[in-house]
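Novice: what would the 3D arrangement of this be:
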Amino acid sequence: MAAETINSAPDAAGLAAMISRAAEQSGGANRGLPPVERWNPPFCGDLDMEIAADGTWFYMGTPIGRAPLVRLFSTVLRRDEDGKTYLVTPVEKVGIRVADAPFLAVEMQVVERGAHPVLTFRTNVGDVVEIDHDHPLRFETKGEEGQLKPYLLVRGRLEALVSRPVMYDLVERGETVEIDGVDMFAVRSGSQIFPIMPADELERLSS
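Specialist: Coordinates of the predicted model:
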């Protein structure tokens with residue numbers, strides 16, 4: 001499958017068909033997520049595909065409205081050490097644009113398990129991620145107003161931004177915990193603690 005063929009695909013469905021055939025030829029059909037981390041294909045240029053900050057996928061400037069196509073594309077995403085995101089098949093990789101995070105966490109479930117509750121998130125592309133040591137939460141404050149943005153690690157280096165409604169539910173579970181001698185506002189999942197911000201900073205923002 002040549003790079004010229006991918007870049008000249010007339011629509012998202014055509015591109016999806018090419019990627020699906022490549023996965024089948026690699027023996028990846030019906031075996032869960034393709035092993036994109038083990039593939040080492042050549043870089044074949046950039047593709048006119050973008051994932052917007054709200055999780056909407058665009059191909060050649062047109063929103064991809066079919067959820068199965070978006071799900072297929074999401075299974076062959078990889079973020080490399082250069083910080084860029086690619087669609088990867090066994091024979092090629094092409095760069096795409098990501099405005100914020102490639103995925104959006106749209107639902108959170110809390111299950112009591114042992115001494116502490118465990119947080120589980122569902123993404124807009126169907127991934128279900130239990131927050132633990134290997135799938136941590138991290139928090140950033142961005143913009144002049146200090147907007148809080150939580151992210152969770154889905155797989156590889158790919159993260160999901162926690163959607164605004166879910167973020168409110170997440171922050172409601174916060175508590176003050178001493179970490180390295182500093183009082184931190186944080187959330188727990190199982191035995192793991194994930195700091196959000198210093199408690200005195202939260203108090204200042206809330207005043």
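Novice: got any ranges where the protein has weak pLDDT?
Specialist: For the chain, residues meeting the criterion pLDDT under 70 lie at 1-10, 18, 21-31, 144, 205-207.
Novice: now do 80
Specialist: 1-32, 114-115, 142-146, 202-207 (pLDDT under 80).
Novice: for it, longest strand please?
Specialist: With DSSP state E setting the assignment, residue counts place strand 103-113 as the longest strand in the chain.
Novice: got the contact list for residue 198?
Specialist: Shown in contact with residue 198 (C-beta atoms under 8 Å, 6 or more residues apart in numbering): 182-185. Backbone N, C-alpha and C define where each C-beta goes, glycine included.
Novice: residue 187 versus that one, what's the distance?
Specialist: Residue 198 is 15 Å from residue 187, where distance means C-beta to C-beta, to the nearest Å.
Novice: check residue 173 too.
Specialist: 5 Å.
Novice: show me which of those two is the more surrounded one.
Specialist: Neighbours were counted for residue 173 and for residue 187 using other C-beta atoms under 10 Å; residue 187 has more, 22 against 14.
Novice: would you agree the more buried one is in contact with residue 172?
Specialist: No. Residue 187 is beyond contact range of residue 172, at 9.4 Å (criterion: C-beta atoms under 8 Å).
Novice: returning to that earlier point: who touches both of residue 173 and residue 187?
Specialist: Common neighbours of residue 173 and residue 187 (criterion: C-beta under 8 Å, 6+ apart): residue 119.
Novice: in the longest strand of the chain, which residues are buried?
Specialist: 103-106, 108 (16 or more other C-beta atoms under 10 Å).
Novice: all helices of this structure, in order?
Specialist: Counting by DSSP state H, the chain has helices at residues 3-7, 12-25, 67-75, 164-172, 199-206.
Novice: and the last one, which residues are buried?
Specialist: To tie it back to what came earlier, the one meant is helix 199-206. Buried residues in helix 199-206 (16+ other C-beta under 10 Å): 199, 202.
Novice: okay, that helix in PDB with CA atoms only?
Specialist: Output of helix 199-206 as PDB, limited to C-alpha atoms (Å, rounded to 0.1, in the frame of the first residue of the first chain):
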ATOM      1  CA  ALA A 199      -4.400  22.400  48.600                       C
ATOM      2  CA  ASP A 200      -3.500  26.100  49.300                       C
ATOM      3  CA  GLU A 201      -3.800  26.800  45.600                       C
ATOM      4  CA  LEU A 202      -7.200  25.200  45.400                       C
ATOM      5  CA  GLU A 203      -8.300  27.400  48.400                       C
ATOM      6  CA  ARG A 204      -7.000  30.500  46.600                       C
ATOM      7  CA  LEU A 205      -8.900  29.600  43.500                       C
ATOM      8  CA  SER A 206     -12.100  28.900  45.400                       C
END
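Novice: can I get the buried residues of strand 103-113 in a markdown table with distance to residue 70?
Specialist: As requested, the buried residues of strand 103-113 are exported to a markdown table (distance: C-beta to C-beta, whole Å):
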| residue | distance to residue 70 |
| --- | --- |
| 103 | 10 |
| 104 | 11 |
| 105 | 15 |
| 106 | 13 |
| 108 | 21 |
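Novice: which of the residues you listed sits closest to residue 154?
Specialist: residue 103 (5.7 Å; C-beta to C-beta).
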